[in-house]
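**Student:** next come a sequence and a model predicted from it.
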Amino acid sequence: MNARPLMILRLATGATEDVGETPYGTVSIFPVTGGSFEGDRLRGKVVAGGGDWVTVRADGTLELDLRVTLETDDGALIYMTFTGVRDDPSHYFRTLPRFETAASQYAFLNRLLAVGVGEVFPDGPVHVIEEIL
Amino acid sequence: MLEEDEGGFTPLPDTGWDSAGTQYGRKAVETRLLMTLSVRVAPPTDIGHVPHGTRRIARLTGGDFEGPRLRGTLVPGSSADWLLLRGDGVLELDFRATLRTDEGGLIAMKSFGLRHGPPEVLAALGRGETVDPASYYFRTTPRFVTSHPRYAFLNRVIAVATGDRRADGPIYTIHEVL
């Protein structure tokens, strides 16, 4: 499987909103307060707002459901979502990002699938995101 | 610090990841073959123009999958691919299939995907011709759930697949993201 780097995304998160036990598992919402992203083809900052809706499944694995807005250094807005899983015992934190934008210079994002490898750092998660070629 | 041990990288502050997607020489995205899935597709049902594009539904009438850790057949019935041709010419695939392993475990698979390419290549696919799969973009992102203990590893696997559209249905080469 071939992939090439798309961006490294650093997210800053606020205090967790613990929704608690739901019919689907234990839900916590991690608000995104900011961040940055950088790659050869695009870079910029994460707009405050959005978050990651995290569900702890019965088997202990976390199901991720994130939506954020990115703003590039040339002023374009990109809506980004991902679903994914995070399993801390096996150090498996992988995501499937998708992008939507109306900016023609970034229209290639509308047409690609991507994979992210996440890692948790003290000041927030970092995702290495690669385009699936 | 590690960066001094390895040298040659420009790590982002505190993370060690460089812009090439490597961390101290380790590549971020590594994959291995999970299975090859060949499906047979019935002529699609045209729903027509919907607010998001043009919707078609292609039922799956059968199929087989085989990989190092699992093999079996596709269960027809609910299995289908819900296709949406967007206004920008990209085909969105919303695939759902039930897989039965050779020892009877049932696996529910859902996969979102994209297909697009040069008009002449897509026209050849439309005529049922076999086309070099490298000449168009046909990629999907399968997820799996199962209650069978032997296949429980699938419940937390993120996977990516390349598709090869043949006249009677696509062949998906599915890789687990390690």
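**Tutor:** All right, it came through fine.
**Student:** confidence score at the one residue sitting closest to the centre of chain B?
**Tutor:** Centroid check for chain B by C-alpha atoms, centre = their mean gives B:Thr140 as the closest residue, at 2.8 Å. For B:Thr140, the pLDDT comes out at 98.
**Student:** look up the closest residue to it, ignoring the ones flanking it.
**Tutor:** Nearest in space to B:Thr140, with sequence neighbours left out and distances taken as C-beta to C-beta, 6 or more residues apart in numbering or on different chains, is B:Gly113 at 3.0 Å. Where you see a C-beta, it was placed from the backbone N, CA and C, and this is true even at glycine.
**Student:** repeat that for B:Thr36.
**Tutor:** B:Thr173 (5.4 Å).
**Student:** just checking, B:Ala108 touches B:Arg143?
**Tutor:** No - B:Ala108 is beyond contact range of B:Arg143, at 9.0 Å (criterion: C-beta atoms under 8 Å).
**Student:** tally of neighbours for B:Gly105?
**Tutor:** Look at B:Gly105: counted by other C-beta atoms under 10 Å in any protein chain shown, it has 18 neighbours.
**Student:** wait, it touches B:Ala152, no?
**Tutor:** No - with contact defined as C-beta under 8 Å, B:Gly105 does not count as touching B:Ala152 (9.9 Å).
**Student:** which parts of chain B sit against chain A?
**Tutor:** Residues of chain B lying close to chain A (C-beta under 8 Å from any C-beta of the partner chain) are B:12, B:14-15, B:17, B:19-21, B:23, B:28-29, B:31, B:88, B:90, B:112-114, B:116, B:137, B:139-141, B:143, B:152, B:155-158, B:160, B:162, B:175, B:177.
**Student:** go with 6 Å
**Tutor:** B:14-15, B:17, B:20-21, B:28-29, B:31, B:90, B:114, B:116, B:139, B:141, B:156, B:158, B:160, B:175, B:177 (C-beta under 6 Å from any C-beta of the partner chain).
**Student:** could you turn the buried ones of those into a ChimeraX selection?
**Tutor:** Only the buried entries of the residues of chain B next to chain A go into this ChimeraX selection, using 16 or more other C-beta atoms under 10 Å in any protein chain shown:
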select /B:17,21,28,29,31,90,114,116,139,141,156,158,160,175,177
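**Student:** where do the helices sit along chain A?
**Tutor:** With DSSP state H, there are no helices along chain A.
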